[in-house]
Every structure is written in C-alpha cells, then in structure tokens.
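Visitor: Okay, predicted coordinates and the sequence, questions at the end:
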Amino acid sequence: MSSTHHSRLPLRLDPVTLVIVAGALVLSAAMGTRQTFGLFIGPFSFDRGLPVTLVAFAIALHNLVWGFTQPFAGAAADRYGSAPVVAFGATTFAAGLGLAAVAPSGPLLIVGMGLLVGIGVSCTTFGVVLPAVGRIVSPEKRSMAMGLVSAGGSAGQVLLVPFAQGVRLGAGVAASLFALAFLMLLIAPLGMLLDRRASVGVPQTDARPEALRAVLGRAFRHRGYRLLTLGFFTCGFQLAFIATHLPEYLMLCHMPVGLGATALALIGLFNMAGSWGCGWLGGRFRQHRVLGWLYLVRSATIAAFFVLPKTSVSVVIFAAVMGLTWLGTVPLTSGLVAKVFGTRHLGSLFGFCFLSHQIGSFLGAWLGGLVFDLTGSYSLLWEATVAAGLIAALLHFPIDDSALGTPAPLAKQPARA
C-alpha cells in the first residue's frame with residue numbers, strides 16, 4: 001500500500017492554472033494573428049494587383065463581423081461549453097487565412113480575411129475565453145484572473161508580428177498566412193481545458209436556469225448595463241483610430257520612418273502590464289470607477305500628445321501610457337458584467353457589450369480615413385477621441401454595480417378540491 005502511495009505523482013496541475021494558461025494561449029494566437037494584417041496590405045496590392053482600398057476594406061470588415069457574431073459565439077459557449085466553440089472558431093479562422101493566402105481576386109479575399117476571419121476571431125477571443133475564466137475563479141479573484149489572461153494574450157501581439165514579417169520576407173505572403181493558419185489549428189483543442197470548471201468547486205450563483213431572452217431583457221432594462229455598453233463604444237473607437245492611423249499621422253509630422261511601427265509594438269508590450277494591472281485594480285476597487293479613471297487618463301494622454309510638439313521621446317511616452325490603458329477595459333468590463341449578472345450568461349451579455357466596442361472600432365478606422373480624405377488632416381478625429389473618452393468616463397462613474405439576484409420561481413398554486 002505504501003509503495004502504491006509513493007508511486008503516485010506528488011503534484012497535480014491546478015485546474016485554475018490550466019484554464020488561465022489555455023486562455024492566454026488562445027488569446028495570444030488569435031489576437032496576435034489579427035495584428036499582423038497590416039503587413040499584407042502593400043504586398044497584396046503589389047503582387048496581386050488588388051486596390052489598397054479593397055484590401056483595407058477586407059481587413060476592416062472582420063472587425064464588424066467579429067462584433068455582430070460575438071453575442072452568438074458567447075451564447076453558444078454559455079450553452080455548449082468553450083471546447084466546440086473554440087475548435088470551430090480556430091478552424092474557421094485558419095480557413096479564412098488559407099483562403100486569403102491563395103485568393104486570386106478581391107471577393108475571395110473579402111470572404112476569407114473579412115467574413116471567415118471575423119467569425120473565427122469571435123469564437124477565440126475575449127467573449128468566449130474570459131467568461132470561461134470567470135466561471136472557474138472565485139468572485140474575489142475574478143478581475144485579476146481576467147487581467148492576467150488578457151496580459152498573457154497580449155504576448156501574441158508582440159511575438160507574431162515579427163514572426164509573420166520574417167516568414168513573409170523569406171518565403172512570401174502565402175507562406176506567412178499558411179503559417180499563421182497552422183498556428184490557429186494548433187490552438188483548436190485548447191478549448192477543452194477552458195471547460196475544466198466542474199472540478200474546481202466554485203459556487204455557482206445562478207442556481208436556477210433562466211431563459212436567455214429573459215436575461216437579455218433584464219440586462220437591457222438595467223441602466224448600468226446600458227451605460228457600460230455605450231461606454232465600451234469609446235474604447236473601440238479610440239483604439240482602432242490610433243492603431244490604424246498613428247503611423248501615417250507620424251509620417252505627416254515628419255517623424256522618422258519606422259517610428260509608427262515601433263510605437264505600435266510598444267503599445268502591445270506595455271499592454272501586457274496594463275491588462276494585468278487593470279485586472280488587479282478591479283479586484284481591489286470598484287470596477288466602474290477604475291474604468292472611469294482609465295478613460296480620463298486616456299483622454300488626457302491623447303490630448304497632451306496632440307497639442308504638444310512631436311518628438312521621438314514624446315511618441316515613446318505616448319505609446320507607453322496608451323499601452324498601459326489599451327485593453328485594460330476588457331477584464332474590467334467583463335468582470336463588472338459578471339459581478340452584476342453572474343456568470344451563467346456572461347458570454348452572451350459581454351458579447352452584446354463587445355458589439356458596441358466593435359462598431360466603435362469600425363467607425364474609428366473608417367472615419368479616420370474619410371476625414372483625412374476630406375480635410376487633409378487627422379485633427380478632427382484626434383479631438384473626437386478626446387471628447388469620446390471624457391463622455392465614457394461620465395457614463396461609467398454613476399453605474400450601479402450591485403449584484404442582481406436571479407428571479408425567484410413562482411410559488412405553486414394550491415390544488416383545488
């Protein structure tokens with residue numbers, strides 16, 4: 001008996017750790033891959049003769065598709081678990097990249113990089129991964145765990161851009177896209193680890209199942225949820241404008257060539273610390289207030305960068321501060337939804353919030369180009385991002401973050417004699 005006891009492995013992997021690591025890997029692959037798309041605009045245009053506007057539209061379209069499919073992906077994960085959703089999303093993502101790699105025409109590129117990639121991203125990013133983490137972690141540690149996963153997911157944004165660039169320069173656009181597609185197929189099985197919540201013993205607050213339609217109705221009648229959803233629009237608007245147009249803006253300011261790419265890389269690097277830090281703050285302070293201050297810091301940073309003289313040092317400082325506030329909104333927003341409504345339908349409820357974020361992303365990227373074409377300047381959009389951040393802060397501070405209980409079942413009527 002003693003020998004049998006000592007033959008057992010003395011250590012057992014903690015299920016919470018497994019979920020956090022798996023979630024970070026899935027997010028790293030998906031978010032890192034989509035960050036590489038800007039590398040292919042010029043090669044697609046030069047090698048295949050496709051208009052730059054068409055390639056840019058295909059890339060922009062996946063943001064909109066992502067937003068509109070996110071609630072459905074979240075609802076599917078709530079009902080069936082993360083495993084089938086992540087597997088379907090990773091496979092669809094890979095198929096979209098493969099189609100883009102061989103697409104001889106614009107319509108096929110739009111289907112691959114716009115439609116299929118958009119569906120794939122919705123199944124492999126925040127709306128599916130963070131709810132899985134939220135269900136396995138205790139409420140006291142939930143915000144920090146979500147921040148840790150988001151920080152780990154940011155590593156893909158730092159690592160995959162140079163990887164895709166290196167493969168593209170060495171073997172061509174198609175090989176680079178196929179390599180990214182293969183990476184997405186590798187993370188497809190990790191969804192099974194995200195469903196390891198039953199063995200942890202975290203108490204479930206949603207004891208009685210409630211219809212999704214009723215949950216959504218309660219959410220949209222909740223003033224705080226509406227304010228949170230409206231405020232999340234600002235996050236997408238600010239981030240998409242900066243990520244899409246900062247390099248061109250710096251060129252117009254006669255800054256060194258390549259400084260824009262360096263700034264975006266620094267944003268991704270500091271985002272790792274920022275996501276973890278915001279999750280940590282959300283576990284110690286009321287999350288809606290942390291969000292309000294985050295939007296104020298963002299707006300102040302953008303305003304200072306816009307009005308002050310542009311130097312290499314000011315660009316680096318701007319990128320660092322923006323990185324610290326970049327995706328810190330995600331663990332805070334998802335954690336706040338979980339606090340108010342519980343985790344049973346967290347994927348669906350966060351999905352509708354994220355739809356607002358992605359509409360903002362589409363408009364931030366598109367309006368930046370439109371305003372520049374009409375006025376020859378980005379000034380109006382810089383001012384709009386500052387104003388939007390101030391409005392978002394005002395929307396978040398008054399949010400009521402009290403937890404809502406699940407409606408009690410109706411009492412049975414006594415049987416008639």
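Guide: Cool, the structure landed. None of these values were measured; they are calculated from a predicted model. Residues are numbered from 1 along each chain as shown.

Visitor: Can you list the buried residues in stretch 361-379?
Guide: 361, 362, 363, 364, 365, 366, 367, 368, 369, 371, 372, 378 (16 or more other Cβ atoms under 10 Å). All C-beta atoms are positioned from the backbone trio N, CA, C, and that covers glycine.

Visitor: For that stretch, give the mean pLDDT please.
Guide: In this model, stretch 361-379 has a mean pLDDT of 83.

Visitor: Specify the residue ranges that define each domain of the chain.
Guide: Domain ranges of the chain: 14-195, 215-403, per automatic domain parsing.

Visitor: Just the C-alpha atoms of stretch 119-128, please, in PDB.
Guide: C-alpha atoms of stretch 119-128 as PDB (Å, rounded to 0.1, in the frame of the first residue of the first chain):
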ATOM      1  CA  ILE A 119     -16.300  34.700 -37.300                       C
ATOM      2  CA  GLY A 120     -13.200  32.900 -36.200                       C
ATOM      3  CA  VAL A 121     -12.000  35.800 -34.000                       C
ATOM      4  CA  SER A 122     -15.400  36.000 -32.300                       C
ATOM      5  CA  CYS A 123     -15.000  32.300 -31.200                       C
ATOM      6  CA  THR A 124     -11.400  32.600 -30.000                       C
ATOM      7  CA  THR A 125     -11.100  35.900 -28.100                       C
ATOM      8  CA  PHE A 126     -12.500  37.800 -25.200                       C
ATOM      9  CA  GLY A 127     -16.200  36.900 -25.400                       C
ATOM     10  CA  VAL A 128     -15.500  33.200 -25.200                       C
END
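
Visitor: chain center to that stretch, what's the gap?
Guide: Relative to its chain's centre, stretch 119-128 lies at 8 Å (Cα atoms, centre = their mean, to the nearest Å).

Visitor: Residues touching that stretch, excluding its own?
Guide: Stretch 119-128 has contacts (Cβ atoms under 8 Å, 6 or more residues apart in numbering) with 26-27, 29-31, 34, 62, 65-67, 69-74, 77, 82, 85-86, 88-96, 150, 153, 184, 187, 194, 330, 334, 347, 350-351, 354.

Visitor: Filter the residues you listed down to the buried ones.
Guide: 26-27, 29-31, 34, 62, 65-67, 69-74, 77, 82, 85-86, 88-96, 150, 153, 184, 187, 194, 330, 334, 347, 350-351, 354.

Visitor: mind checking the SS state of residue 309?
Guide: Following DSSP: H, G, I helix; E, B strand; the rest coil, residue 309 is assigned to coil.

Visitor: Low-confidence regions, the protein specifically.
Guide: Confidence mapping of the chain against pLDDT under 70 gives the ranges 1-13, 52, 196-210, 212, 404-417.

Visitor: let's see 50
Guide: Within the chain, the stretches with pLDDT under 50 are 1-11, 198-207, 408-417.

Visitor: Since that was my last question, I'll sign off now.
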